Each structure stands twice: as structure tokens, then as C-alpha cells.
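Asker: Here is a sequence together with a model predicted from it:
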Amino acid sequence: MSDKRVAVAAWESLFRAQVSVMRHLHAEFPTNELSLNEYDVLFNLSQHEGWRLRIRELNKHLLLTQPSVSRLIDRLAARGLVTKSSDPADARGIIVELTQAGFALFRRVAVTHMQSIADHVGKALNDEELGQLSSLTEKLRLAEQGRAERD
């Protein structure tokens, strides 16, 4: 167990870095096609088998409240970027699936967004540091995930 002051200082540093980088990424994001939150939904769907997830599972990957996610999904479905259907295994569940049009738009926007990430994160840290950052943040995420599952 680390010293409380050291843990708080590390959190503040991580949080401030994240806020600073996110401000730049948000400012450079190609918002004429997608919002950053819409992109996040399409990105998360693209990372899962069949480009689909139950809305409850999708919620776990996003920084939005469940009602906000539902409205966002409805807007994406109205644009033909995702589809919604009942879960055949549980009719109470909703499956959200990325369409071909949604994936094509995600890929187009991702090119610009990835370059922006490379400019703001990749130019500040070398490959070894990026690997360390990835390992440390994954370790932190998994610890929190385990804590949430125990609660």
C-alpha cells in the first residue's frame, strides 16, 4: 500500500495530463461528422466481435450516464450508423450493432483522430514510456474493475 500523499499526487498528475490532452484532442476532433461521444460508441463497438454489444456492456466502456447513452444510440440509429435489436437470449436486453456505414465513418474520422493522438501523446513520450504508461494505466483499470466486481 502506497503513502496516501503519493497516491493523491500521482492521481492529480494523471488527471491533469488527461484533461490537458483531451482539451487538445477535442479541439482538433472532426466534429462536422461525429461528436467525440459518438466516436467513442463507434470505436467501442468496432473493438468487439461482430461489432455488437448489449447496451449494458457498452455502458461500461463509456463515460456517460445510461440515459445519455440511450439517447446517443437512438441518434446514431436514426443516422444509420448503428442498429438496435432485442437480445434473443434476453428480450429485456438491447443489442447495439455497428453498421457498415457506421464503420466506414468511424474509420474516416479515426485517421484524423489517431494523428492528433500521435501528435499530443506520441511526441511527448518515447515508445518505452508509452509502453510503461499503458501497463500502469491497465493495471489501475483492472484493479478498479476487480474492486467494482467485489462490491
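Answerer: Alright, I've got the coordinates.

Asker: wait, isn't Phe29 in contact with Gln115?
Answerer: No: the pair Phe29 / Gln115 is not scored as a contact, 11.3 Å apart, by CB atoms under 8 Å. Backbone N, C-alpha and C define where each C-beta goes, glycine included.

Asker: neighbour count winner among those two?
Answerer: Under the neighbour definition other CB atoms under 10 Å, Phe29 and Gln115 were set side by side, and Phe29 has more, 18 against 12.

Asker: Give me the neighbour count for the closest residue to the more buried one other than its chain neighbours.
Answerer: With CB to CB, 6 or more residues apart in numbering as the measure, Leu36 is the residue that lies nearest to Phe29, at 5.3 Å, once sequence neighbours are left out. The tally of other residues near Leu36 (other CB under 10 Å) stands at 14.

Asker: you'd agree Leu36 is up against Ala27?
Answerer: No: contact between Leu36 and Ala27 fails when scored by CB under 8 Å: they sit 10.5 Å apart.

Asker: the strands in this structure, which residues?
Answerer: Listed in chain order, the strands of the chain (DSSP state E) span 52-54, 82-87, 90-98.

Asker: out of the ones you listed, deepest packed?
Answerer: strand 52-54 (a mean of 18; mean count of other CB atoms under 10 Å).

Asker: Val96 contacts Leu53, correct?
Answerer: Yes: taking contacts as CB under 8 Å, Val96 lies within contact range of Leu53: 6.0 Å.
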